[in-house]
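J.: I would like the atomic coordinates for the input below:
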Amino acid sequence: MAEIVVKLTLRPVVMFLIEKGEGRSARELAKCILGPSASPYEVANYEVAVSQACGELLGMSMVKKEGAGIPGSPFRYYPMR
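T.: Residues are numbered from 1 along each chain as shown. Next comes the predicted model:
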């Protein structure tokens, strides 16, 4: 049940952040959501949920992604216009 709630509430938050700061990676989005006091471990764990939300937004044609998806060239997300 908690997973469903997270997905329903995370997707609009991620979309808002992508619209306000184009070109952010999933890790950068996770840091924005969790805040500056979040540990690297917390960010890495939350990055998984953010990546899933980004994938859902991508599937809905609400965002596009650029990058190779590897260290040094992570996927970066942009709103579709």
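
J.: what's the helix or strand containing residue 30 in contact with?
T.: Element membership of residue 30 [criterion: DSSP states H and E] is helix 26-34. Applying Cβ atoms under 8 Å, 6 or more residues apart in numbering, the contact partners of helix 26-34 are 10, 13-14, 17-18, 21, 24, 38, 42-44, 46-47, 49-51, 54, 74-75, 77. (Glycine included, C-beta is placed from N, CA and C.)

J.: in helices only, show me those.
T.: If you go by DSSP state H, those have 10, 13-14, 17-18, 42-44, 46-47, 49-51, 54 in helices.

J.: mind picking the two most distant members of these?
T.: Using Cβ to Cβ, the two most remote members of the ones in helices among the contacts of helix 26-34 are 18 and 42, lying 20.8 Å apart.

J.: quick one on the thing from earlier: show the buried residues in the contacts of helix 26-34.
T.: 10, 14, 17-18, 24, 43, 46-47, 49-51, 54, 74-75, 77 (16 or more other Cβ atoms under 10 Å).

J.: export the ones in helices among the contacts of helix 26-34 to TSV and tack on distance to residue 70?
T.: Compiled in TSV, the ones in helices among the contacts of helix 26-34 are given as follows (distance: Cβ to Cβ, whole Å):
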residue	distance to residue 70
10	24
13	26
14	21
17	22
18	20
42	23
43	18
44	16
46	20
47	15
49	20
50	17
51	14
54	16
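
J.: from those residues, which is closest to residue 62?
T.: Nearest to residue 62 among the ones in helices among the contacts of helix 26-34, with distances taken as Cβ to Cβ, is residue 18, at 8.5 Å.

J.: thought that closest one was touching residue 63?
T.: Yes: contact status for residue 18 versus residue 63: in contact at 5.7 Å, counting by Cβ atoms under 8 Å.
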